[in-house]
Every structure is written in C-alpha cells, then in structure tokens.
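Q: turn this into a model:
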Amino acid sequence: MDELEIDELDLKILQILYEDSRTAFTEIARILDVPDTTVHFRVKKMKKQGIISRFTINIPPQKLGFEHMALLIIDLEELAIPAISKKRTEDFCVKFAEEKEIRFVALDESGSKIVMMTIGKTMEEIEEFITGIRKIPDVESVKVEKLIKIFKGLEFTIPPLKEKEILISKET
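A: Numbers count the residues shown, from 1 in each chain. Model prediction:
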C-alpha cells in the first residue's frame, strides 16, 4: 500500500472543507495565504490518494422524518476455520453496507460479530428489517439497542429515498 503523503497544509485544507465542503478553492487559498493552484493541486492529490472520497452534505435524519434509530450487534455462527469465518463476516458487512437502512457497519476483532446502526421513519420499519436479519441462516443472535439521542455523529447522509417518497412537484 502506498504511504500517504499529507502535511500541515493538507490538514488545514481538510479542516476547512470539513467545516463546509462548498468552500471555494480561491477562498481556501485566501484563508491559508497560498496560491489557489496549490489548493487545486493538493485537493486533487488527496482525492487520488483516497483521503478525500467525496464532497457531500450532512443532514440530521430527523429533519427528514427518520426519527427512530437502533444499534444492532449481530453474532454470526463461528465456523471451524477462523479465517473462513472472518471472510464470511466481512462479506456480510459489505452486503449490509449496501442496505439503505444501515448507516454504520463495523466488524469486531473476533471476526464473528457485526455492529451496525440503522435508522427508520417508524420503529416498525426497523423491526421489519431486523426480522429479515434474524432469518439469515448464519445469524446466531441479534441484540438490539434502541437509541433515543445521539450526541456525536448524528449528522450523516440520508439513505436514498424510494421513488414514491420523492416529493417533487411536476407542475409547471
């Protein structure tokens, strides 16, 4: 793996973009007292290195009706060969990460436990999703912690809306 080259200027650029990803490169250059070409070059380099993966907005999910949250701890049946068990669990993590209801997915060090955060407009929506997970043959157990308030990490990209949920007026 290539070693990432990042210095203090890169960190300052990242901080500004983290605060507001819409900040113009010319404004960043003015703030940091560097040429705007330097900012363009540095951002391009960080995108190529994977340090910056995208520019996005973060919306509190509650603002769009996603009032319910739950932390899920999923134990998968351990297989006889730990490496195969871990690979299978990683495959589950990748699959879960593609689900619109899931906002966070992590794998523990044992390789057989997945920690996820899910959101929904109703608790019934979340419970239906959890029921589906419990039906997966390799799932040994699912522990559910309903969350009522998050103090850090609340704002994140909302899940993609289903076509029927998109409220765009077609009137001209």
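Q: rest of the way, CA atoms for contacts and neighbours
A: Will do.
Q: which residue ranges of this protein form strands?
A: 68-76, 102-107, 113-120, 139-147 (DSSP state E).
Q: need those strands in a markdown table (columns: distance to residue 84).
A: Formatted as a markdown table, the strands of the chain follow (distance: least, C-alpha to C-alpha, whole Å):
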| stretch | distance to residue 84 |
| --- | --- |
| strand 68-76 | 12 |
| strand 102-107 | 14 |
| strand 113-120 | 14 |
| strand 139-147 | 15 |
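Q: tell me which of these lies nearest to residue 15.
A: Comparison of the strands of the chain against residue 15 by C-alpha to C-alpha identifies strand 102-107 as nearest, at 22.6 Å.
Q: report the buried residues of the closest one.
A: 102-105, 107 (16 or more other C-alpha atoms under 10 Å).
Q: check stretch 51-62 too.
A: In stretch 51-62, counting by 16+ other C-alpha under 10 Å, buried: 61-62.
Q: what mean pLDDT does it have?
A: Mean pLDDT, stretch 51-62: 77.
Q: mind checking how far it is from the chain centre?
A: Mean C-alpha position of stretch 51-62 versus that of the full chain (C-alpha atoms, centre = their mean, to the nearest Å) differs by 9 Å.
Q: residue ranges in this structure under the pLDDT threshold?
A: By pLDDT under 70, the low-scoring segments of the chain are 1-4, 58, 153-172.
Q: how does the chain divide up, domain by domain?
A: 8-49, 61-147 (automatic domain parsing).
Q: export those domains to JSON lines and tack on distance to residue 55?
A: As requested, the domains of the chain are exported to JSON lines (distance: least, C-alpha to C-alpha, whole Å):
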{"stretch": "domain 8-49", "distance to residue 55": "6"}
{"stretch": "domain 61-147", "distance to residue 55": "17"}
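Q: what's the most buried one of the ones you listed?
A: Across those, the average number of neighbours (mean count of other C-alpha atoms under 10 Å) peaks for domain 61-147, which reaches a mean of 16.
Q: as CSV, could you dump the C-alpha coordinates of stretch 14-23?
A: Output of stretch 14-23 as CSV, limited to C-alpha atoms (Å, rounded to 0.1, in the frame of the first residue of the first chain):
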residue,chain,number,x,y,z
LEU,A,14,-9.2,19.3,5.0
GLN,A,15,-10.3,21.2,8.1
ILE,A,16,-11.8,24.0,6.0
LEU,A,17,-13.5,21.5,3.7
TYR,A,18,-14.8,19.5,6.7
GLU,A,19,-16.4,22.6,8.1
ASP,A,20,-18.0,23.5,4.7
SER,A,21,-17.3,21.4,1.6
ARG,A,22,-18.7,24.1,-0.6
THR,A,23,-15.9,26.5,0.3
